[in-house]
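*Asks:* Sequence and predicted structure are below.
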Amino acid sequence: MKLKKSDFVEIDFIAKFKDSGEVFDSSVASELKKLSDHAIAKPFTYPLGQEMFLKGIDNFLIGKEIEKFPKDFKIELNAENAFGPRDSKQVQMIPMKVFKEHDIQPIPGVSLNFDGKVARILSVSGGRVLVDFNSPLAGKDVVYEVKVLSKVDDLDQKVKALNEFLFKKDFHFTVKDKKVIIEVDKGMKTILEMFKEKFKEILGLDLEVVEPEEKKEEKQPEPKKESN
């Protein structure tokens, strides 16, 4: 069986820096526990070639002939094909007053959130702070040990995996007449509808998003007749 673009695969992986062998990401419990006490280890299910995992990994897997699962691969990626090269323009000098205005004490080595973009403090000198907006993984050559556990053909599993990746929630859904109907909390309909084209492209299904009906007003108790 040859893997194709948009095929859903279930994988386990261990990601390491090539130079040091240090693990920086994994779906395997024994490795993930070293990185975080709170992270939950489980296989990752996703569609190939849809920008939901490293492009270099997908390019390696697409077209691979797999006769029997599970199948192990060791994939080496240079920085260009992994998380991209470091960009010197992403290292910026920011006035200290910007931090003081937000009551923040910049400390070298600490990562901060700048309007949704994470950056690391490199140095603090007088009234200036050197900040690096590059990804911590930028410029790194990496090695991924990937175990392809299975090719997922069940449609419900595919929808569930897509929901978890895109929305980080396990919405209740039904698939009927080439349409996936997802039930969401009130106020979320517009957000999910932005992904209609994605569902059509990946699953070949139209997406319908349904919010819960307003709760019916509780019936008022009927007045009791007064006894004589």
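*Replies:* Nice, thanks for sending it over.

*Asks:* Domain map for this structure?
*Replies:* Each domain of the chain is listed here as a residue range: 1-85+138-153, 88-132, 154-212, per automatic domain parsing.

*Asks:* would you turn the ones you listed into JSON lines with mean pLDDT and mean neighbour count?
*Replies:* Using the backbone N, CA and C atoms, a C-beta is placed for each residue, glycine as well. JSON lines is the format used below for the domains of the chain (pLDDT from 0 to 100; neighbours: other C-beta atoms under 10 Å):
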{"stretch": "domain 1-85+138-153", "mean pLDDT": "96", "mean neighbour count": "15"}
{"stretch": "domain 88-132", "mean pLDDT": "93", "mean neighbour count": "12"}
{"stretch": "domain 154-212", "mean pLDDT": "95", "mean neighbour count": "15"}
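
*Asks:* Check the gap between I75 and T190 for me.
*Replies:* Distance of I75 to T190, given as C-beta to C-beta, to the nearest Å: 38 Å.

*Asks:* and L162, which of the three is it?
*Replies:* Look at L162: counting by DSSP: H, G, I helix; E, B strand; the rest coil, its state is helix.

*Asks:* With the one 3 residues further on instead?
*Replies:* Under the three-state scheme (three-state DSSP), F165 adopts helix.

*Asks:* Now do the helices in this protein.
*Replies:* In the chain, the helices defined using DSSP state H lie at 29-35, 55-61, 96-101, 155-167, 189-193, 196-203.

*Asks:* Make TSV out of those and add distance to V129.
*Replies:* Shown next, in TSV, are those (distance: least, C-beta to C-beta, whole Å):
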stretch	distance to V129
helix 29-35	28
helix 55-61	33
helix 96-101	6
helix 155-167	35
helix 189-193	35
helix 196-203	39
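
*Asks:* So for K140, which of these sits nearest?
*Replies:* Nearest of the helices of the chain to K140, taken as C-beta to C-beta: helix 55-61 at 12.4 Å.

*Asks:* This structure: strands as residue ranges?
*Replies:* 8-17, 23-26, 44-47, 71-77, 91-95, 111-114, 117-125, 128-132, 142-152, 172-175, 179-183, 206-210 (DSSP state E).

*Asks:* Which of those sits closest to F165?
*Replies:* strand 44-47 (6.1 Å).

*Asks:* partners of the closest one, with directions?
*Replies:* Strands adjacent to strand 44-47 in the sheet, as given by DSSP bridges, are strand 8-17 (antiparallel).

*Asks:* mind exporting the partner strand as CSV, just the C-alpha atoms?
*Replies:* Extracted in CSV, the C-alpha atoms of strand 8-17 (Å, rounded to 0.1, in the frame of the first residue of the first chain):
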residue,chain,number,x,y,z
PHE,A,8,-4.8,9.8,7.5
VAL,A,9,-2.0,8.0,9.4
GLU,A,10,-1.6,7.2,13.1
ILE,A,11,2.0,7.6,14.2
ASP,A,12,4.2,7.6,17.3
PHE,A,13,7.3,9.7,17.1
ILE,A,14,10.4,10.8,19.0
ALA,A,15,12.1,14.1,17.9
LYS,A,16,15.7,14.9,18.7
PHE,A,17,18.3,17.5,17.9
